[in-house]
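*Asks:* could you work out the structure for the sequence below:
(2 chains)
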Amino acid sequence: MAAIRLLINGKSHDVEMSPDTPLLWVLRDNLSMTGTKYGCGMGLCGACTVHLDGEAVRACQTPVASVGTKKITTIEGLSADSSHPVQRAWIAEQVPQCGYCQPGQIMSAAALLAKTPHPSDEQIENAMVGNLCRCGMYQRIRKAVHRASLSAGKGA
Amino acid sequence: MGIDRRSFVVRTAAAGAGLLIGVRFPAAFAAVQENEKATKKPVANPFDAYVHVHPDNRISLIVAKSEMGQGIKTGLAMILAEEAEVDFKSVSVEQADTRPDIYTHMGTGGSGSTMENFEPLRRAGATVRGLMIAAAASKWNVSRDECEAKKGTVVHAKSSRKVTYGELVEAAQKLPLPDPEKVELKDESEFTLIGHATPRVDIPAKVNGSAQFGLDVRVPDMKFAVVARCPTFGGKPARFDASKAKAISGVRDVFEIPALGRDKFTAGGVVVVADSTWAAMKGREALDIVWDHGRGAAETSDSLNEELRAAASKAGKRLRNDGDVEKVLSNGGKHVDAMYEFPYLAHATMEPMNITAHARDGEAEVWAPTQSPDWVQRTVAEILEVPPNKVAVHTTYLGGGFGRRYMADYPAEVAQIAKVVREPVQLVWSREDDMTHDFYRPSACHNMRGAVNAAGHPVAWSHTIASTSIGGWWDPPEQAAPEKSEVGGALQMPYAIPNVRLEYNAVASVVPPLWWRSVEHSFNGFAVECFIDELAAAAGKDPVEFRRSLLVKAANWKPRFEDDPNPARLRGVLELAALKAGWGKALPKGKGRGIASYSSFGSYIAEVAEVTVKDGSFKIDRIVAAIDCGRIVNPESVRAQAESAIVYGLSAALKNAITVKNGAVEQTNFDGYDPIRINEAPAIEVYLTHSTEDPGGMGEPALPPAAPAVANAIFAASGQRLRKLPFQLKSA
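*Replies:* Presented below is the predicted three-dimensional model:
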């Protein structure tokens, strides 16, 4: 067990954990931040995607001890009021069905747009290929990323 | 799935405050009803939903339908608001308590939620509207005809008076109820909600992490549990040593639970209870278990596939026999033989199976992502030995259902665990547990033989299905009808061919089978729609024209079988899909178009696939779908369901198979069973027809035509017939 301090969505949290524990389970079980989802435990589905210093990473493949002082952003912290351009685009395009994979999809899309404000279809595919959606809403995801890209470009 | 109009009843019951109306739905999901027959007593107060009009003008629709992405909470609110003449936003759909003594049908499945609810909810809404008008007319002492309901108010234009529904509830509650069969329904031309795209009410919570799925349930002092199950179906622990597991920090307890039999079909195994999910998983890894693999270890997919091919090649139980197929097939003419093969498939919902339970003295509380909360309740009650009404079941959002979440296996397991733990405990299935202990879409082999005559008309159609059987597995042996959930769509083969025969043989397997999205239509749609394409090619006819000429609705047409498709509606979507896809327009070399048109769950869907075949591989360029699902409630949801079912079906066509070795599933995670990803998903165009027929289902029926449309397109592009799923092209 180790005492670990994490900076999540702008707040610091102290947890006592075995250092190999994936960040995913610290968020979900220790801190009850359940927006970040468990899907596969092997980095294959992207449901657990969070940002570490703005980079999209799989929380299930991130031992809590490896996070250090990096800033963690989860779906709960992407915006205070669902106003992030990606969240607004997700509503406008009616992307989610069951919705379980969508926090991960949204975090992947937000990380993409932060670096590449106007991605091509191919860039969207490359950034989102690691996020499975069993409801198959890929066409809407693609449209929503383009829409978010436009609305962000307008300074929204 | 017949709908019994007579079962609709409306009656007021005592409301704390406001007006309360009970609604009864027609016969629900047939399979589940049969399942329920044995265990369920007749109920005294058989309502399926309540409409509660509150004094503050809000309307609650209290109903036991699970939201798994199909948008049902939105659709039901639309229907009610439309006829009640209230603002859509004033209606909230609330999850009913699990009270089978109150609600008779609590299940969600069979693409049935809109089909079942449409008419009863319209009548319930119209009843609310009628009562409000009557109450206002009486209050003002004017004729009802002079009053009009608008946006949750009643208006008397002549005197410019206006009163809200909330202000009328007390008076309305005292009025006699109209005959629900005679309430006046709105004319289609007056609809402002039904048929109009409406944003889903569940979506905002699904973009910010606040939507609570089963795995997100957090209860003070809860524990987390995982189960080590024998990888071999039917196997069990011979002995185990838990000392290393118990040494892991956070692990609280390790104990064995037995496998449970019919209806529950749990594997049993060794339970690890811990303070966190991760500690439970680490504890499970540290268990030393010696398995008794049992007789199931003898099964492999290769041997099963051989058995299936053999069973498809011999005579079976005859289910349809028009004319004399054998006579035609033993004569001349052009014959076509084809064998289609289908593997097991996993549901692979994004949220793995899980459930949370707290067993207390004489009662229990359960939080379940389930399609069947009443079955969860019965199962947990039985295992905890408490009355069902002492088990409170809370239905959460479902991270995908597809049929899998109808089952009572994970509820049974958590009850076994909660009985020991006595603290709130969440049972978590890892992805590996979910993939290797699913209930699978049956594996099947279809043997088809047909003939076309010199004029290019098909004259014989012989279809023999061999599959592992859902009915054969689930039903008590004395009731066994193994063909029951295996032949739908093949039995109703819609093309006008004079000599038609369908036979069925069940093949035994240790792999537990279940309804998978669209059930048997997932393979029967493929066999029927690929074979008709093969016959068209043998006849030298265009695939659309060939089908069109065989979809003839005679003046005296009547359904011969349950769910027999209306040939005219099927032809309608065939023509629309062909038109929208530009059927007949030339394509560059290496590209091809294929079509499939199919009816299931009361809806009619034709899909055209356009593919590019190059260097031994192929890409789907687009799918064009034409849909006649009867009356449409929310076109936005119809489109979304179509896109979803198409991608789900294409995952099976392109990539997915569950194979078995030594009685165990070989694929354990998304690396071995990888659904379609964004780079593989084709563009999908959806066209909806305007129809005033009763609503059909939309959760499943867009799935069956997807794979055969692609297979037929690949044939058009390359001359290769793909008869085995998932597809494998011969290299160039």
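*Asks:* number of residues surrounding B:A137?
*Replies:* 17 (other CB atoms under 10 Å in any protein chain shown). C-beta: built from backbone N, CA, C; applies to glycine.
*Asks:* pretty sure A:L31 contacts A:H13?
*Replies:* Yes. Between A:L31 and A:H13 there is a contact at 6.0 Å, judged by CB atoms under 8 Å.
*Asks:* where does chain A dip in pLDDT?
*Replies:* A:152-156 (pLDDT under 70).
*Asks:* find the closest residue to chain B in it.
*Replies:* Going by CB to the nearest CB, chain B is nearest to A:G35 of chain A, at 2.1 Å.
*Asks:* for the closest residue in space to that residue that isn't next to it in sequence, list the residues it contacts.
*Replies:* If you skip the residues right next to it in sequence, A:G35 has B:G209 as its closest partner in space, 2.1 Å away by CB to CB, 6 or more residues apart in numbering or on different chains. Contact analysis of B:G209 by CB atoms under 8 Å, 6 or more residues apart in numbering or on different chains lists A:33-36, A:74-76, A:103.
*Asks:* do the same with B:G672
*Replies:* Counting by CB under 8 Å, 6+ apart, B:G672 has contacts B:435, B:666.
*Asks:* per-residue pLDDT, it?
*Replies:* Here, the pLDDT recorded for B:G672 equals 98.
*Asks:* ok, B:N35 next?
*Replies:* Predicted confidence (pLDDT) for B:N35: 35.
*Asks:* same question, B:K553
*Replies:* 88.
*Asks:* give me the neighbour count for it.
*Replies:* 14.
*Asks:* state the distance from it to B:L502.
*Replies:* According to CB to CB, to the nearest Å, B:K553 and B:L502 sit 21 Å apart.
*Asks:* same deal with B:E167?
*Replies:* Counting by CB to CB, the gap from B:E167 to B:L502 is 61 Å.
*Asks:* more neighbours: which of those two?
*Replies:* The neighbour count for B:E167 versus B:L502, taken as other CB under 10 Å, is higher for B:L502 (24 against 18).
*Asks:* quickly list what the more buried one is bridged to.
*Replies:* B:R320, B:H463 (DSSP bridges).
*Asks:* now B:E351. Nearest residue, chain neighbours left out?
*Replies:* B:E351's closest residue in space is B:G399 (CB to CB, 6+ apart), at 2.3 Å.
*Asks:* which residue does the stretch 551-700 of chain B bring closest to chain A?
*Replies:* For the stretch 551-700 of chain B, CB to the nearest CB, closest residue to chain A: B:V647, 2.6 Å.
*Asks:* where's that residue, which helix or strand?
*Replies:* For B:V647, the host element (DSSP states H and E) is helix B:635-654.
*Asks:* with A:L150 instead?
*Replies:* helix A:138-153.
*Asks:* three-state assignment of B:A466?
*Replies:* strand (DSSP: H, G, I helix; E, B strand; the rest coil).
*Asks:* if I look at it, what pLDDT would I see?
*Replies:* 98.
*Asks:* returning to that earlier point: in a helix, the residue of chain A closest to chain B, correct?
*Replies:* No. Looking at A:G35 with three-state DSSP, it is coil, so not inside a helix.
*Asks:* that one reaches A:T74, doesn't it?
*Replies:* Yes. With contact defined as CB under 8 Å, A:G35 counts as touching A:T74 (5.8 Å).
*Asks:* shared neighbours of the two, anything?
*Replies:* By CB under 8 Å, 6+ apart, the residues touching both A:G35 and A:T74 are A:103, B:209.
*Asks:* now the helices for the stretch 1-150 of chain B?
*Replies:* B:30-37, B:72-84, B:113-140 (DSSP state H, counting those that start in this stretch).
*Asks:* and if you look at the stretch 401-550 of chain B?
*Replies:* B:409-421, B:431-436, B:470-474, B:521-539, B:543-550.
*Asks:* what does the stretch 601-732 of chain B put close to chain A?
*Replies:* B:636, B:640, B:643-648, B:651, B:669-671, B:674-679, B:681, B:683-684 (CB under 8 Å from any CB of the partner chain).
*Asks:* let's see 7 Å
*Replies:* B:636, B:640, B:643-644, B:647-648, B:669-671, B:675-679, B:681, B:683-684 (CB under 7 Å from any CB of the partner chain).
*Asks:* what's the closest non-adjacent residue to the residue nearest in space to the middle of chain A?
*Replies:* Centroid-nearest residue in chain A, with CA atoms, centre = their mean: A:M107, separated by 2.8 Å. Among residues not flanking A:M107 along the chain, A:T49 sits closest, at 4.2 Å (CB to CB, 6+ apart).
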